[in-house]
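**Q** Can you look at this prediction? I've put the sequence above it.
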Amino acid sequence: LEDVVAEVQAELADIAVDTAEEGVVVKADTLGILEAMADALGDAEVPIVRAEVGDVAPRDVSVASTADDGKQKVILGFNVDVLDDAEDRAEIEDVTIFTDEVIYQLIEEYEGYVEGIEKAQQDTILENITRPARFRILPDHTFRQNDPAVVGVEVNSGTVQNNANVVKFEGNEVDRVGQVKGIQEQGEDVDEARAGNRVSVAIDGPTVGRGIEEDDELWIEIPEKHAKILEQELASDIPGDELEALNMYLDKQRSRDPFWGK
């Protein structure tokens, strides 16, 4: 009789809760709580792929493991147990299970998990994106004229990174003048220099006095695809001074091509 009751409750739960083609798996101890969880997740704009009454079982893990989005390879369980077989399978299938006895805490745990994944994804993207920067060669700070040129600079905005290409704007024209091959701050090698820093930079390519001059304003060259990603997807994730450098760079590029980076 208990097995029949559980099966009927599960079927009722499928009817009572709207599900989507993609989403998280939800388990609860009663139909009423299941519906309350569905409402709360709906308010939080979290889609549900399956919602049932009962403990977390291996078949729930199987459903969760099919999600294309890693953030949805999740089971949310309210006041239920996780069967041993399900726990073992979840570890193998890389499915994350959250259980709690308070609905809002369960949802908060999940939202925190999603934020962590999204931040890690954004950090990975940023690691592979050329960061914007505007910097000026300081007067009387030429330490070597060429092969490579070594000059003292002040970073006005953004982040100067090793191996980035350097450009100079002449009116509406942009010319690549070289590539950053080393950065030193107070005699120590560093990978990058941030806004406000005064550092010495080795630039492979130009000769000071021919190609670049003291007091010149130089820019890190941003590939058009990178500029588009920075402007459209990562503008809220980079420091304000980098955003300033990006916008100034875009203005200069778009003065000659209004659709550049769009």
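**A** It's in.
**Q** quick one, helices of this protein?
**A** Assigned by DSSP state H, the chain shows helices spanning 2-16, 31-43, 58-65, 84-93, 103-127, 224-232, 240-254.
**Q** Let me know which of those is the nearest to Q184.
**A** Closest to Q184 of those is helix 240-254 (C-beta to C-beta; 21.3 Å). C-beta here means a position set from N, CA and C on the backbone, and glycine is covered the same way.
**Q** Going by neighbour count, list what's buried in that closest one.
**A** Buried residues in helix 240-254, counted by 16 or more other C-beta atoms under 10 Å: D241, E242, L243, E244, A245, L246, M248, Y249, L250, K252, Q253.
**Q** Out of the residues you listed, the closest to L34 would be?
**A** The shortest approach to L34 among the buried residues of helix 240-254 belongs to L243, at 44.2 Å (C-beta to C-beta).
**Q** For the closest one, give me its contacts.
**A** By C-beta atoms under 8 Å, 6 or more residues apart in numbering, the contact list for L243 reads A235.
**Q** okay, it: pLDDT?
**A** Predicted confidence (pLDDT) for L243: 94.
**Q** So it versus R131, what's the distance?
**A** Going from L243 to R131 by C-beta to C-beta, to the nearest Å gives 11 Å.
**Q** Equivalent analysis for I203, please.
**A** I203 sits at a distance of 17 Å from R131 (criterion: C-beta to C-beta).
**Q** These two: who's more crowded?
**A** Neighbours per residue (other C-beta atoms under 10 Å) separate I203 from R131, with I203 holding more: 26 against 22.
**Q** you'd agree L218 is up against V167?
**A** Yes: when contacts are counted by C-beta atoms under 8 Å, L218 is listed as touching V167 (7.1 Å).
**Q** and for those two, which residues touch both?
**A** Residues touching both L218 and V167 (C-beta under 8 Å, 6+ apart): V177.
**Q** In terms of neighbours, single out the busier of the two.
**A** Between L218 and V167, L218 has the larger neighbour count (other C-beta under 10 Å), namely 25 against 17.
**Q** and that one, what is it in contact with?
**A** Contacts for L218 (C-beta under 8 Å, 6+ apart) come out as R134, F135, R136, I137, V153, V166, V167, K168, V177, I212.
**Q** per-residue pLDDT, E233?
**A** 86.
**Q** what about it, neighbour count?
**A** Using other C-beta under 10 Å, E233 has 12 neighbouring residues.
**Q** what's the nearest residue to it if we skip its chain neighbours?
**A** Leaving aside its chain neighbours, E233 sits nearest to I125 (7.7 Å; criterion: C-beta to C-beta, 6 or more residues apart in numbering).
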